[in-house]
Structures are given as structure tokens and as C-alpha cells.
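> predicted model and sequence follow; I will ask about them next.
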Amino acid sequence: MATTVESSNRRIVPRWRSFRDALATRELDPTAIAESKGIGGEEFLRQREHEWLENKELPFATDLVGAACVLGDSEIAKEAADFILEKGSQAGALAQKLARFVLRIPEPPDIIRPSVSDWKIVAQNQIRNLKGRSRTEPRNAFVWTDLARLYVQLALTKPAERAIRVALALAPADRFVLRSAARFYLHIGENEQALRLLRRNERTKIDPWLMAAELAVSSVLEKTPKFGKIADQCLTSGRLPPFHASELASALASFEMWEGNDKRAKRLFNQSLIEPTENALAQGVWASNKIGLNVDEKRFSALNAQEAQALSAHIQHNWESSFQFSRQWVKYESFSARPHLHGSSLASSVLQNPAEGERIARDGIRTNPGHAGLLNSIAFCLASQGKPDEAKKIIQEVKIDESPLIAKICLIATMGLIEYRLGSHDGGRILYERAIAEAVKHNKPELKARAMLYLAREEGLAGRPKAEVCMKEAIAEAAKFPQLDLQTLAAIFSTEIQNVEIKRKSSVSVRH
């Protein structure tokens, strides 16, 4: 059956933006967070001063002025800031921005605007440009981080990892580099490495953005966060500006929701939505129909809020709008599987366009080779287009028993669909029933209802004796989940079966 991401727990893992997008979204803006000195970290600042005095080079100057922006001015940091501005473009845009803040120099107008170019068209040129910059600016960690991101978009994992390691060596305590590196290791399945990177870094305990990342990665691994108590203290202190508290509050809110503490989760989600990042906004929308959270649509003006808009339209059963927003979301997070899964699922199910669903899933598999959910989407779309033999070959590429739970259940159901379309009705039913049993076993009732609907459709299309009873039971099960797309699917499938039955009866009457 069509892959669904509705059942999975969304985590507020760090976005991996390009450096210019990170600047544009104010994630790296030190101005608002500079007032938040109550977090602690004087010793951290002294260390950065010592390192700069010992090694008067750009990376050490950048680390020091970055720490000074968060933890308070120092005369030594001002000296480092002067050094950065003297280096000009060699220092990089962010280092110059930090230096101007420390020296209280106003920002020039229109310093950087977010890119709106399609990455597919420009990725190769961007890589060439960045490789050139890496030769002229070999100690610019942000060049190496952006280079790694572009390599990931082209599924070049090994060069990406080399670039990430260089960036970490150059700027081991930089927020942008650390969050990007953590997201990279999550992307390639090295979740423990992502967590170690954040937990072992001295800056994590004093930087709300890094604390939020540590909480999110801990949730991916289903581990207790190391900095949960410190994060709670930061949020309750009231010293963090709303934008810089947004992802931290959202990460804590998610933990409270999963623990069943809906009242506290709502309070924290509302705090995260005062001035949200687009990541926190999407998390709030995702959580809204789970705990009765109201998300003001005016918040969708946040930069790059396509995921939040896609999820919101989906909740409102506005399938076409959700699909169109997912296409924009893909452009922003082109290397991520989630927007491709969302768009492919909608196209191949409620929008009844499996050819488009296949195209989107194949686009996603380029940067996520071997992804079980995307491979399932491709197989489902092929079978839905009358190509069960091709679909079976795709399924055989997947190690189903090693796949994540939701993908595993969907894959088993898709195997059932393939068998039905190959004419093996009994074999198909056995596989669908196995998927249903797995959903029941692991307490995934919405997946059970979904598998029941797809089974009922195949029974009806095959003209099986108990098809009508099967559909009635499936519709009754789907009715338990009015917030999902199951009602729409039930109506589509019922109409599809009726049309097939009419054609079947017409064919019989013609022969007689």
C-alpha cells in the first residue's frame, strides 16, 4: 500500500540549510541572543580568548567573536573582530557579521538573500565554485559545510563526509557546523555519531540551538537527553528571545507529548510558536491534531514554511494544496526523504496519479539510496500502473525484516498488492493479513485500517465472494480515524469497485 508518514513521530532534528539560508533565517544571528547571558559559560569564553591569543588565525578569531556574541563582550574579542574585518572576504560572511556585532558596526543593507534557485539545475556549478573557494579559503569551515551539503544532494556520501570532517576540524564549536554535521550523520544513518558529536561538545550546554539538536537526536535514538534539565532551566528563565528559544521549546514539548503530558506539551509548543523557526512551526502543525493544539495560520509567513503548509493542508484534507506545498518543500530539503514520501503518497493514493508518485519517489531515492519507504512507494506506484513484475523486482531489493516498522508494514501490504495484480489472489490476501497482524501487534491501528482498505479494494476488484463484507469492515475501521485520508480512500475504492463491477456485468450481458 502507499507509504504513509502519518504514523511516524516527527522529530525536530536540525535543518541542514545552506550557509546563506541559515543567515537569512536568523539562525546564526547573534543580535537577539546576546542578551541571554544567564546561561553560563564564562569559562568557555576564557578558553576561546586563550586559543585566539595562542593562534592568531581566522578560525580561532571566529570562534572567539561567536562566543562573545552569546556570552558577553571582551576586549580580546574586539581585537579578534578587528582582525576578521581586516581579512575581508577571506574571513567569510558570517565571521564578518559576528565581528560587526561585537564592534557595534551597523550591518550593510541587503547583506545576503536566500537562494531560490532549483538545486537540480545549479548543484554542479555550485560544487565547482565551492571547490574553487576551498582552495583559496582552505580554512573557511562554512565553505566545506556547504560543499558537503551539495555532495549529499548528489548522493556523493564519501566526499560529503570528508568535507564535514574538514569543517569540524576547522570550527569544532561552531553552531552552524555542528548542527549541519549532526544532520549529515542522521542522514547517512550514523545516529550515534550525531549524538556523540553534540554531547561531547562544550558549547552544547550553553547554546539553545545545539541543546535543541541534542534533544532531537536523543529522541531519534529513544534515549534520555543529556541536557534536558538545562534546557528546561533556559526556557523557564525567560532570558532567551522567542526565536532562539523556538526549537528548544519544541523539542522539549515533543518529549512531553510522547510521555503523555499533553498540558505541559501544549504550553511548551505555544512557547515555541511565539516567533517560530519553520522547523518548530512544522513540528507544531504535526502535533496539532494529536494534542488539540491550535496553530495560527499567520505563522506560515515564516521563511521556508513549506513543510508546515503541506502538513496543515493535509490535516484539513486539502489534498491538492498539500501536494503542491510538498513540491516546494522538496526544493528546500531536496536531500531529505520526508518531502518525497509525502508527495509520492498523496499522488499515488488520494490524487490517483501513480505515475507522478513514482517520479517523485525515484527523485527521492537518488539522495536516499536503499530507503525502504521510497522503494515501497516506487513498487506501489508500479503495481498501480499495471506493472506488477517491475514492482516485484523493486521489492526484492529491500531487506524487509530490517526495515523501520512503518515501512515494513507498508512493504508487506505492497507485496500483497503485487500478488493480487499478478493473479495470485490467495497469496495476496495472506500478505495483506500479515501486514494487518503486524499493525495490530505493534499497536498501529491506523495502519491496520489502511491495510484493511487496500485489501478490500483488491478483493473487490478481483470479484471475490466476501469482497462486500470485507469493504464494510474496512470502512468501519477507517471511520475511527476521521483526521486522516482514510475516508477519502474508502470513497475512491468503493467507486472504483462499483465501476469494475458494472463493466463486468456489462461484459457478461454482451456475451449472452
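Right, received. Where do you want to start? Numbering: from 1, shown residues only.
> burial of L147, as a residue count?
Counted with other C-beta atoms under 10 Å, the neighbours of L147 add up to 24. For every residue, glycine as well, the C-beta is placed using N, CA and C.
> so it is in which element?
Assessed by DSSP states H and E, L147 sits inside helix 141-153.
> what helices or strands is that helix leaning on?
If contacts are counted by 3 or more C-beta pairs under 8 Å, 6 or more residues apart in numbering; DSSP states H and E, helix 141-153 sits against helix 19-24, helix 119-136, helix 157-170, helix 175-187.
> pick the most deeply packed of those.
For these, the stretch with the most neighbours on average is helix 175-187, a mean of 24; neighbours defined as mean count of other C-beta atoms under 10 Å.
> now it: how far from the chain's centre is it?
Averaging C-alpha positions (C-alpha atoms, centre = their mean, to the nearest Å) puts helix 175-187 13 Å from its chain's average.
> average pLDDT for that helix?
Averaging the model's pLDDT scores along helix 175-187 yields 96.
> output it as PDB, nothing but the C-alphas.
As requested, the backbone C-alpha atoms of helix 175-187 are provided in PDB (Å, rounded to 0.1, in the frame of the first residue of the first chain):
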ATOM      1  CA  ARG A 175      26.700  26.200  15.800                       C
ATOM      2  CA  PHE A 176      26.200  26.100  12.100                       C
ATOM      3  CA  VAL A 177      28.900  23.500  11.500                       C
ATOM      4  CA  LEU A 178      27.800  21.300  14.400                       C
ATOM      5  CA  ARG A 179      24.100  21.300  13.500                       C
ATOM      6  CA  SER A 180      24.900  20.600   9.900                       C
ATOM      7  CA  ALA A 181      27.300  17.800  10.800                       C
ATOM      8  CA  ALA A 182      24.700  16.200  13.200                       C
ATOM      9  CA  ARG A 183      22.100  16.300  10.400                       C
ATOM     10  CA  PHE A 184      24.600  14.800   8.000                       C
ATOM     11  CA  TYR A 185      25.200  11.800  10.300                       C
ATOM     12  CA  LEU A 186      21.500  11.300  10.800                       C
ATOM     13  CA  HIS A 187      21.000  11.300   7.000                       C
END
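> if we can go back for a sec, need the CA coordinates for the helix holding L147. CSV is fine.
As requested, the backbone C-alpha atoms of helix 141-153 are provided in CSV (Å, rounded to 0.1, in the frame of the first residue of the first chain):
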residue,chain,number,x,y,z
ALA,A,141,34.6,25.9,7.6
PHE,A,142,31.4,27.2,6.1
VAL,A,143,32.6,26.6,2.6
TRP,A,144,33.3,23.0,3.5
THR,A,145,29.9,22.6,5.2
ASP,A,146,28.1,23.9,2.1
LEU,A,147,30.2,21.7,-0.1
ALA,A,148,29.2,18.6,2.0
ARG,A,149,25.5,19.6,1.6
LEU,A,150,25.8,19.7,-2.2
TYR,A,151,27.6,16.4,-2.3
VAL,A,152,24.7,14.9,-0.2
GLN,A,153,22.2,16.2,-2.7
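> and the helix of greatest length in the chain, what does it pack onto?
Ranked by residue count and defined by DSSP state H, the top helix of the chain is helix 486-511. Counting by 3+ C-beta pairs under 8 Å, 6+ apart, the packing neighbours recorded for helix 486-511 are helix 445-461, helix 467-478.
> to Y432, which of the helices and strands packed on helix 141-153 lies closest?
Proximity of these to Y432 was assessed by C-beta to C-beta; the nearest stretch is helix 175-187, lying at 32.5 Å.
> elements contacting that closest one?
With contacts defined as 3+ C-beta pairs under 8 Å, 6+ apart, the packing partners of helix 175-187 are helix 141-153, helix 157-170, helix 191-199, helix 208-220.
> quick one: contacts of the longest one?
Meaning helix 157-170. Among residues not part of helix 157-170, those counted as contacts by C-beta atoms under 8 Å, 6 or more residues apart in numbering are 59, 139-142, 144-145, 147-149, 151-152, 177-178, 180-181, 184, 188, 197.
> give me the distance from whatever helix or strand K229 lives in to the chain's centre.
In the assignment (DSSP H and E), K229 maps to helix 228-237. Chain-centre distance of helix 228-237: 25 Å, with C-alpha atoms, centre = their mean.
> mind listing what's buried along the helix or strand that that helix is followed by?
Downstream of helix 228-237, the next assigned helix or strand under DSSP H and E is helix 242-258. Buried residues in helix 242-258, counting neighbours by 16 or more other C-beta atoms under 10 Å, are found at 243-257.
> and what of stretch 207-215?
Neighbour-count burial for stretch 207-215 flags 207-215 (criterion: 16+ other C-beta under 10 Å).
> same thing with stretch 269-280?
Neighbour-count burial for stretch 269-280 [16+ other C-beta under 10 Å]: 269, 271-273, 275-280.
> how about stretch 484-500?
Buried residues in stretch 484-500, counted by 16+ other C-beta under 10 Å: 484-487, 489-490, 492-494, 497.
> what about the helices in the stretch 1-150 of the chain?
Along the stretch 1-150 of the chain, the stretches classed as helices by DSSP state H, counting those that start in this stretch are 19-24, 42-54, 58-71, 75-87, 93-102, 119-136, 141-153.
> can you list these in TSV and add distance to E397 and mean pLDDT?
Rendered in TSV, the data for these read as follows (distance: least, C-beta to C-beta, whole Å; pLDDT from 0 to 100):
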stretch	distance to E397	mean pLDDT
helix 19-24	34	75
helix 42-54	48	80
helix 58-71	43	77
helix 75-87	50	89
helix 93-102	42	79
helix 119-136	24	77
helix 141-153	21	92
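> check which helix or strand N304 maps to.
Assignment of secondary structure by DSSP H and E places N304 within no helix or strand.
> now it: how far from P106?
Using C-beta to C-beta, to the nearest Å, one obtains 26 Å as the distance from N304 to P106.
> thinking again about what came up before, between the helices and strands packed on helix 175-187, which one is closest to E43.
Taking C-beta to C-beta as the measure, these were each checked against E43, and helix 208-220 came out nearest at 16.7 Å.
> picking up where we left off before, the helix holding L147 to helix 157-170, inter-axis angle?
On the basis of axes from the mean of the first three to the mean of the last three C-alpha atoms, to 10 degrees, helix 141-153 is oriented at 160 degrees to helix 157-170.
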